[in-house]
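**Student:** no FASTA, just this:
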């Protein structure tokens, strides 16, 4: 068994990933065999975006359908997750060591960026979940700092899951769908670039990806879907070694790469 740290980055793709998870979903399911059963899971999704770091203190986590126009079957899926208010306060205290303002939300449930991968990896919903928001306006270094703040909890039985996508350009998705489903070259090129930086531990290059990769801006017109990667990277610890547990492309333009750390 690999000696994996309690921090991972997983893809969640389009909402339809919940209905047809394919090879990426299989890789995610198999990943849980390599992890010790966590005391609780801290999940960071790009679909909960707030002004300051915010932690859900809810006891029962509603399955949020934050999408529209998809097959009816998606809206019938339930992920009956249980929250962990006591653990949420530990998350708050950890974040307060790095951030002046940390908020709580007593009602926030799980959006599809959270429940889709959680349902794939932990289908029994038998592990308490603590949702934490991103701050897309604050950038990559801020997200890395958030992960670094959570690292201490990974040594106390918490598993930090950053859920996002290595590329995420919905405009290009619509264009590709209209033009016959061709994947633009930049998608694989940027995913390859990220993989090299991750393996070589070029953290500053990753933080400044928009400067160092000419595909960076097109891969992420908005940064929200890449920020959970930095949370996972920070939570893994400064000496962590990254390894891709899956690499592939879905929905024409979404790089579904996922990373573990050892």
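**Tutor:** All right, it came through fine. Predicted model only: the values in this text are computed from it and were never measured.

**Student:** quick one, phi psi at residue 104?
**Tutor:** phi -130, psi 160 (degrees, to the nearest 10).

**Student:** tally of neighbours for the nearest residue to it once chain neighbours are set aside?
**Tutor:** Nearest residue to residue 104 in three dimensions, chain neighbours excluded: residue 57, at 4.9 Å (Cβ to Cβ, 6 or more residues apart in numbering). Bear in mind the C-beta positions are built from the backbone N, C-alpha and C, glycine included. Using other Cβ atoms under 10 Å, residue 57 is surrounded by 21 other residues.

**Student:** Touching, residue 57 and residue 83? I think so.
**Tutor:** Yes - using Cβ atoms under 8 Å, residue 57 is in contact with residue 83, at 7.0 Å.

**Student:** Would you agree residue 180 falls within a helix?
**Tutor:** No - using DSSP: H, G, I helix; E, B strand; the rest coil, the assignment for residue 180 is coil, not a helix.

**Student:** which residues does the most centrally placed residue in the chain contact?
**Tutor:** With distances taken as Cα atoms, centre = their mean, the chain has residue 163 as the residue nearest its mean C-alpha position (1.3 Å). Applying Cβ atoms under 8 Å, 6 or more residues apart in numbering, we find residue 163 in contact with 9-12, 43-46, 113-114, 116-117, 228.

**Student:** For the longest strand along the chain, which strands pair with it and how are they oriented?
**Tutor:** Using DSSP state E, we find that the single longest strand of the chain is strand 40-49. Strand 40-49 sits in its sheet next to strand 129-134 (parallel), strand 158-164 (parallel), going by DSSP bridges.

**Student:** circling back to that earlier point, put together a markdown table for the contacts of residue 163, with pLDDT on each row.
**Tutor:** Supplementary listing: the contacts of residue 163 in a markdown table, determined by pLDDT from 0 to 100:
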| residue | pLDDT |
| --- | --- |
| 9 | 98 |
| 10 | 98 |
| 11 | 98 |
| 12 | 98 |
| 43 | 99 |
| 44 | 99 |
| 45 | 98 |
| 46 | 98 |
| 113 | 98 |
| 114 | 98 |
| 116 | 98 |
| 117 | 98 |
| 228 | 99 |
